[in-house]
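> my questions concern the predicted model and sequence given below.
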Amino acid sequence: MDVKRGKLSIMIKPTSTYSFYLLEGAMRINNENIEKDGFLIIKDETELALYVQKSSELFMIETPTAISYKRYIDRM
C-alpha cells in the first residue's frame with residue numbers, strides 16, 4: 001500500500017494479527033516507529049493510527065490470530 005505523508009486511521013479486526021514490512025519511507029504505527037526495511041507485528045487492536053513522516057510503501061499481511069487447524073510445527 002502506498003501511503004502519503006500525514007495522518008491516517010484504519011479500523012482493523014481484533015481477531016487478526018497484522019504483519020507490516022516497510023519497503024520505503026518512515027512512519028509511526030500505533031506509537032511504534034518504523035523505518036525502511038523495518039518489520040512490525042500488531043495484534044489485539046481495533047484501530048491502526050498511522051503517522052507518515054515520508055511518503056511510504058508498506059506491505060501488510062492479515063492473518064487470523066486463532067486458527068482451527070494444527071500448524072506444521074505442532075504436528076512434530
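Happy to help now that I have it.
> tell me the centre residue of the protein?
Against the mean C-alpha coordinate of the chain, by C-alpha atoms, centre = their mean, the closest residue is Phe20 at 3.7 Å.
> state the number of residues packed around the residue lying closest to it once chain neighbours are set aside.
Ranked by C-beta to C-beta, 6 or more residues apart in numbering and with sequence neighbours excluded, the top spatial neighbour of Phe20 is Leu40, at 4.6 Å. In this view, the C-beta of every residue, glycine as well, is placed from N, C-alpha and C. Per other C-beta atoms under 10 Å, the neighbour tally for Leu40 reads 17.
> next SSE downstream of the helix-or-strand element of the chain with minimal mean pLDDT?
Using mean pLDDT, DSSP states H and E, strand 2-3 stands out as the lowest-scoring helix or strand of the chain, at a mean of 80. Downstream of strand 2-3, the first helix or strand assigned by DSSP states H and E is strand 6-11.
> and that following strand, what does it pack onto?
Strand 6-11 makes packing contacts with strand 47-64 when contacts are defined by 3 or more C-beta pairs under 8 Å, 6 or more residues apart in numbering; DSSP states H and E.
> how close does Lys4 get to Ile29?
Distance, Lys4 to Ile29, by C-beta to C-beta, to the nearest Å: 15 Å.
> in its sheet, what does the helix or strand where the residue nearest to Phe20 lies sit against?
Using DSSP H and E, Leu40 sits within strand 39-43. Using DSSP bridges, strand 39-43 pairs in its sheet with strand 16-29 (antiparallel).
> next, the buried residues of the very next helix or strand once past the strand it pairs with.
Per DSSP H and E, the first helix or strand lying C-terminal to strand 16-29 is strand 32-35. Neighbour-count burial for strand 32-35, counted by 16 or more other C-beta atoms under 10 Å, picks out Ile34.
> what mean pLDDT does strand 32-35 get?
Rounded to a whole number, the mean pLDDT of strand 32-35 is 93.
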